[in-house]
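Engineer: This is the structure alone, sequence omitted:
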């Protein structure tokens, strides 16, 4: 593995994210506990998110709108204006969460900077991802920040084309096998999986990856020896 | 004016957009006509949009959430679930509007392609802007699509840095003096204003621009002689 460019996913790869969504969903379930079980509510939020993806894409605004639709459904439209207001507040709180770096992230970027072109490749709300990168203090390590509307083979191929990067020189590092690894392997790049302790249901896959360009590590600093440093 | 790169704003510069928002707002005003005058409602939507900009940024999802907040306010939280559903539907309709090119756009791009690096520089929802560019059929004219979270001097400076473009070689063409022209002039680039027949209140400025790097034209094809072709 001799990449020239290394791209990092952001949420749950560079900094904590999913626990904030879990907390937001727990608040939502509590608001509507008289109407349905948490399990049922979480299933309905996911249904609405997936159904809305083609129109809304990823990110907290889409999540907020999907929570509102879920609330309309489970209350059979009997939700009050105050209830809607509480959902909007849950979304706004998410947009203001502190950015907490994952262990070893900064030392890894410090080590790699200078030897590689470093990129952030993330999904989500444009404004929110820029805000988080700013708040993370990591911006100066990166040559480029790409907020993608999705992470399919087509999206990555377009990104590499724009940035004039050959897939064979490209390594993507992230916590989602589905979004950060599989599409990259398919277009001829390298993929490294760094698991996060919790994964959004939508990002889960139910098979194992075996590929000569694929590596799995436990913590992000294991990428340094993997690259032969 | 001898730019090497020409960036075009998208909404109301390449294709119609603001009339769809006006239509959406008219539907919203009709829904709540028993509570307030259209003028008052439109003022409140704008207030909520501007207040939410730092968290939500631009685009239709932000607009939808701001409409919901406006509805909560003007109905004093008495809005029904069905009412909320109608607002979400207004937002979703906006995300599926056909893309209608403005006159002369394609002939101008055809003429300029090959002689300049052409870029789209737009605000709004990432997913929605990519969808519109795809539906427009104009994608192949552009070297790069940049969806910006805002169009300030800082945003443009970062974009030019990433794309390795000197401001003195850069021309921005758009319908908003505030977002497409002023910040570009301030960082040393060229700005051309092509007015659209209606302008979002937020984008209006109340002074005239006089600057050696500034030109105002009436229709987009006037850019061709302006560039000396």
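Structural biologist: That came in fine, so what should we check first? Computed from a predicted structure; not experimentally measured.
Engineer: And the host helix or strand of residue A:55, what's buried?
Structural biologist: Assigned by DSSP states H and E, residue A:55 belongs to helix A:38-56. Neighbour counts over helix A:38-56 (16 or more other Cβ atoms under 10 Å in any protein chain shown) mark A:41, A:42, A:44, A:45, A:46, A:48, A:49, A:52, A:53, A:55, A:56 as buried. (Each C-beta comes from the backbone N, C-alpha and C, glycine too.)
Engineer: I'd like those as TSV, with distance to chain B and pLDDT appended.
Structural biologist: Output for these, formatted as TSV (distance: Cβ to the nearest Cβ, whole Å; pLDDT from 0 to 100):
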residue	distance to chain B	pLDDT
A:41	16	98
A:42	20	97
A:44	15	98
A:45	15	98
A:46	18	97
A:48	11	98
A:49	13	97
A:52	8	97
A:53	9	95
A:55	5	95
A:56	6	96
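Engineer: Of these, which is the nearest to residue B:182?
Structural biologist: Residue B:182 lies nearest to residue A:56 out of the buried residues of helix A:38-56, by Cβ to Cβ, at 31.4 Å.
Engineer: got the angle for the very next helix or strand once past the helix holding residue A:55 vs helix B:60-74?
Structural biologist: For helix A:38-56, the following helix or strand on the C-terminal side (DSSP H and E) is helix A:60-74. Counting by axes from the mean of the first three to the mean of the last three Cα atoms, to 10 degrees, helix A:60-74 lies at 50 degrees to helix B:60-74.
Engineer: In terms of secondary structure, what does the following helix or strand past helix A:60-74 contact?
Structural biologist: Toward the C-terminus, helix A:60-74 is succeeded by helix A:81-94 as the next helix or strand (DSSP H and E). Counting contacts by 3 or more Cβ pairs under 8 Å, 6 or more residues apart in numbering or on different chains; DSSP states H and E, helix A:81-94 packs against helix A:18-31, helix A:60-74, helix B:60-74.
Engineer: OK, contacts around residue A:227?
Structural biologist: Contacts for residue A:227 (Cβ atoms under 8 Å, 6 or more residues apart in numbering or on different chains) come out as A:1, A:3, A:112.
Engineer: Let me see the domain layout of chain A.
Structural biologist: For chain A, the structural domains run A:5-16+A:100-226, A:18-94, going by automatic domain parsing.
Engineer: Figure out which of those is closest to residue B:7.
Structural biologist: That would be, of those and by Cβ to Cβ, domain A:5-16+A:100-226, which comes in at 14.4 Å.
Engineer: distance between the ends of the closest one?
Structural biologist: One end of domain A:5-16+A:100-226 to the other measures 15 Å (Cα to Cα, to the nearest Å).
Engineer: so how far is that domain from its chain's centroid?
Structural biologist: Computed by Cα atoms, centre = their mean, to the nearest Å, the chain-centroid distance of domain A:5-16+A:100-226 equals 9 Å.
Engineer: cool, stretch A:78-87 as well?
Structural biologist: On Cα atoms, centre = their mean, the centre of stretch A:78-87 falls 28 Å from that of its chain.
Engineer: Quick check: buried residues in it?
Structural biologist: Applying 16+ other Cβ under 10 Å to stretch A:78-87 flags A:79, A:81, A:83, A:84, A:86, A:87 as buried.
Engineer: Which member of the residues you listed is positioned nearest chain B?
Structural biologist: Nearest to chain B, judged by Cβ to the nearest Cβ, of the buried residues of stretch A:78-87 is residue A:81 at 3.1 Å.
Engineer: and that closest one, what pLDDT?
Structural biologist: In this model, residue A:81 is scored at 97, pLDDT.
Engineer: How about the contacts made by it?
Structural biologist: When contacts are counted by Cβ under 8 Å, 6+ apart, residue A:81 touches B:72, B:75, B:76, B:77, B:78, B:79.
Engineer: picking that back up, including distance to residue B:93, could the domains of chain A go into a markdown table?
Structural biologist: Putting the domains of chain A into a markdown table (distance: least, Cβ to Cβ, whole Å) gives the following:
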| stretch | distance to residue B:93 |
| --- | --- |
| domain A:5-16+A:100-226 | 20 |
| domain A:18-94 | 10 |
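Engineer: so what's residue A:141 up against?
Structural biologist: By Cβ under 8 Å, 6+ apart, the contact list for residue A:141 reads A:109, A:110, A:113, A:118.
Engineer: Could I get these in a markdown table, plus columns for secondary structure, neighbour count and pLDDT?
Structural biologist: Below are those laid out as a markdown table (DSSP: H, G, I helix; E, B strand; the rest coil; neighbours: other Cβ atoms under 10 Å in any protein chain shown; pLDDT from 0 to 100):
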| residue | secondary structure | neighbour count | pLDDT |
| --- | --- | --- | --- |
| A:109 | helix | 19 | 98 |
| A:110 | helix | 10 | 98 |
| A:113 | strand | 14 | 95 |
| A:118 | strand | 19 | 97 |
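Engineer: Can you pick out the most distant pair from these?
Structural biologist: Maximum pairwise distance in the contacts of residue A:141, criterion Cβ to Cβ, is 10.6 Å, between A:110 and A:118.
Engineer: in stretch A:2-22, what's buried?
Structural biologist: A:3, A:5-18, A:20-21.
Engineer: What of stretch A:108-117?
Structural biologist: Neighbour counts over stretch A:108-117 (16+ other Cβ under 10 Å) mark A:108, A:109, A:111, A:112, A:116, A:117 as buried.
Engineer: Next one, pLDDT for the fifth one please.
Structural biologist: You'll see residue A:116 listed with a pLDDT of 97.
Engineer: Just list whatever residues bridge to it.
Structural biologist: Here residue A:116 shows beta-bridge partners residue A:113, assigned using DSSP bridges.
Engineer: Now do the contacts for it.
Structural biologist: A:3, A:4, A:5, A:6.
Engineer: swap in the first one?
Structural biologist: Residues counted as contacts of residue A:108 (Cβ under 8 Å, 6+ apart) are A:220, A:221, A:223, A:224.
Engineer: Enumerate the residues of chain A near chain B.
Structural biologist: A:55-57, A:59, A:61-62, A:64-65, A:68-69, A:72, A:75-82, A:84-85, A:88, A:91-92, A:95-96, A:125-128, A:130, A:143-144, A:147-150, A:162 (Cβ under 8 Å from any Cβ of the partner chain).
Engineer: one step back: let's have the buried residues of helix A:38-56 in JSON lines, adding distance to residue A:157.
Structural biologist: Conversion of the buried residues of helix A:38-56 to JSON lines gives the following (distance: Cβ to Cβ, whole Å):
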{"residue": "A:41", "distance to residue A:157": "37"}
{"residue": "A:42", "distance to residue A:157": "34"}
{"residue": "A:44", "distance to residue A:157": "34"}
{"residue": "A:45", "distance to residue A:157": "31"}
{"residue": "A:46", "distance to residue A:157": "28"}
{"residue": "A:48", "distance to residue A:157": "29"}
{"residue": "A:49", "distance to residue A:157": "25"}
{"residue": "A:52", "distance to residue A:157": "25"}
{"residue": "A:53", "distance to residue A:157": "20"}
{"residue": "A:55", "distance to residue A:157": "23"}
{"residue": "A:56", "distance to residue A:157": "23"}
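Engineer: Cool, thanks, signing off.
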